[in-house]
Structures are given as C-alpha cells and as structure tokens.
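>>> quick one, what's the 3D model for this:
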Amino acid sequence: MTTYIEKQTELPEIPKHWLTVNGKPVNRLEHVPRKVVVRNLDHAAGFYSPFHSHGWGQLLFISDGLIQVSAKNVGYWVVPPHRAVWIPAFIEHDARTIHSVRMGNVYISPDAAKYLPSQCQVMHVTPLLRELILEMTNFETLYDDTGVEGRVVDVFLDQLKLTPEVPLHLPHPTSKLLQEIATQLRENPADQRSMEDWGKQFGTSARSLARHFRQETGMTFGQWRQQARLLAALTRIAEGDAVANIAQDLGYNSQSAFITMFRKALGKTPGRYFGP
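Predicted coordinates:
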C-alpha cells in the first residue's frame, strides 16, 4: 500500500515537484500569488492519505475510479467518477482509493474560496466544469492571470459556485453508543435490526435512541441505514460486482427493490450512474 503523508502545519507542504516560481521549486501554497493551483494526480488501488489539512480549499475531481474522503467527527463521502469533492481549508480529512484513480486536484486560495461551501460535500460536475478543470491542468504555476488563462479560472470559479451537491455523505454520530451501532451497520449493511432491537441490546428505549440518532446525524435511523447501504453499493459497483449480488448482500429482498431505491436516491439506475 502506498502512503502519502502531508505535514500537518497551518499551511502544509505540498509535493515539491508540483510548483515552480521563476524557475525555482516552491512547496507552500501561500507562496503562489494565484487563485488556483491545479495538477493531475493518478493513484493505484489501496492508496491512503492520512488525516491532514490544507490552508487552501481543495477540489478533487474524479475522472476515473472512486475515492472515499472522511472528515474527523463529521462523516465520510464517496466520490464516483465524473463527480468532485469539495474540502474547505483547515478541514482535517483523509482519503483512500477503492481502485486506481485519475483525478484533477484543484487548490483554491482563501480569497477565491470565500463564496464556496463551508463544509465538505460531493458536487455534480457539468461537462463545462469538467473541461475547465482539464484545461487548467495545463497551466503553469504562475499562469497569466490577466489574460485568457485568468479568465478561464474566473469562469471555473463562477461555475463552481453554481454546482449542486450530490447526496453522497454519511454523517457520523457523536455519542459512543450510536457510534457502536453505526460501526456495526457499516460492517454489515444487511443488518435488519430495528431501533427496538438495538434498544434491548443496549438497555435503553427505542424512542431515546431514535431521538438521539436524529439529533446527532440529521437523519432518522431508517434514512441513515439506507444511506449507508447506498454508499456501500457505490463502492461495490465500482469494483465490478453484479447488481444482484450487491442487492442480496445489502439486505434487499430483490434486485428490483434495490434498483428502485438507488434510482430514487440518485436519479439513475446502478448500471448508468457511473457514466458522465
């Protein structure tokens, strides 16, 4: 497994081969007098970047493959192909690849990011936004910010502000009891136990569990469990598993019931979702 550890300072170091200013290597974003820094990244399956943060916002656009991003004490996001994940500055996060990944990595300066969301989220990437990101990967570190390249960056930022969120987030409960339940459900998404069953196991009432679950996650227990299954399904689909096997392993009575849930949540069938 390849591990990339980024130094956890207020404005962390970035790989030295990424940036040059006036022919000299630069390894800190605050030394770059531009709105964005953009590079392509390729990672093999099993790549893991431990928890770290950046002084600039980060947009990871996935052109091929699938990644998971977690934010401490917040939750995790699954990012399929042709989508992106937005990570605001100073949000401590990690990232792991499910299989080999190709992505565009866009760092956005604090001033340029001030109108973007303050929390992590997966974003839909339109064909226009995708082409803008791909074009920016060809820019030098000190691109011409007063000419065509600067205007491309401005259009990119304007389009990014309009980009809708894709509901591919699973929030983490904060209490130890609900964290234990959540962990068991993530490890076994087919688990059909109800709030009453969990209450009996842990010696508390179903009503109390349900109330705290909603307070801590913003979802009902049923909604959270369905979301956990949905994100588990995306990972399995990316790995090439058959939809019928996924449906059975996630506790659905039939393949059609699973497909109906998937399409209702994401607007497409599992077979079509990974397209552009």
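
>>> so, low pLDDT: which residues of the stretch 151-276 of the chain?
For the stretch 151-276 of the chain, the stretches flagged by pLDDT under 70 are 276.

>>> hmm, 90 instead?
Within the stretch 151-276 of the chain, the ranges that satisfy pLDDT under 90 run 238-240, 271-276.

>>> how about the strands in it?
165-166, 169-171 (DSSP state E, counting those that start in this stretch).

>>> adjacent strands (with direction) for the longest one?
Read it as strand 169-171. Sheet pairing for strand 169-171, assigned by DSSP bridges, gives strand 75-79 (antiparallel).

>>> same check, this time on the first one
In the sheet containing strand 165-166, the strands it pairs with under DSSP bridges are strand 121-124 (antiparallel).

>>> mind checking what helix or strand follows the strand it pairs with in sequence?
helix 127-136 (DSSP states H and E).

>>> which helices and strands sit right next to that following helix?
strand 36-43, strand 57-64, strand 101-108, helix 148-161 (3 or more Cβ pairs under 8 Å, 6 or more residues apart in numbering; DSSP states H and E). From N, CA and C alone the C-beta is placed, and that goes for glycine too.

>>> to R214, which of the strands of the stretch 151-276 of the chain lies closest?
R214 lies closest to strand 169-171 among these, at 10.8 Å (Cβ to Cβ).

>>> gap between L234 and F262?
9 Å (Cβ to Cβ, to the nearest Å).

>>> so what sits against both of those two?
Y273 (Cβ atoms under 8 Å, 6 or more residues apart in numbering).

>>> how about the nearest residue to L59 once chain neighbours are set aside, what does it touch?
Using Cβ to Cβ, 6 or more residues apart in numbering and skipping residues adjacent in sequence, the residue nearest L59 is V106, 4.2 Å away. Going by Cβ under 8 Å, 6+ apart, V106 touches V36, V37, V38, Q58, L59, L60, F61, I133, M136.

>>> what's around I62, how many residues?
I62 has 21 neighbouring residues, counting by other Cβ atoms under 10 Å.

>>> would you quantify the distance from it to Q248?
28 Å.

>>> now do P80
The value you get for P80 to Q248, if Cβ to Cβ is used, is 22 Å.

>>> longest helix anywhere in this protein?
In the chain, with assignment by DSSP state H, the single longest helix is helix 221-238.

>>> contact partners of that helix?
So helix 221-238 is contacted by 65-66, 68, 76, 78, 80, 98-99, 167-171, 182, 185-186, 189, 195, 209-210, 213-214, 217, 219, 243, 245-246, 249-251, 258, 261-262, 265-266, 270, 273-274 (Cβ under 8 Å, 6+ apart).

>>> at 6 Å instead, please
66, 78, 80, 98, 170, 185-186, 189, 195, 210, 213, 217, 246, 250, 265, 270 (Cβ atoms under 6 Å, 6 or more residues apart in numbering).
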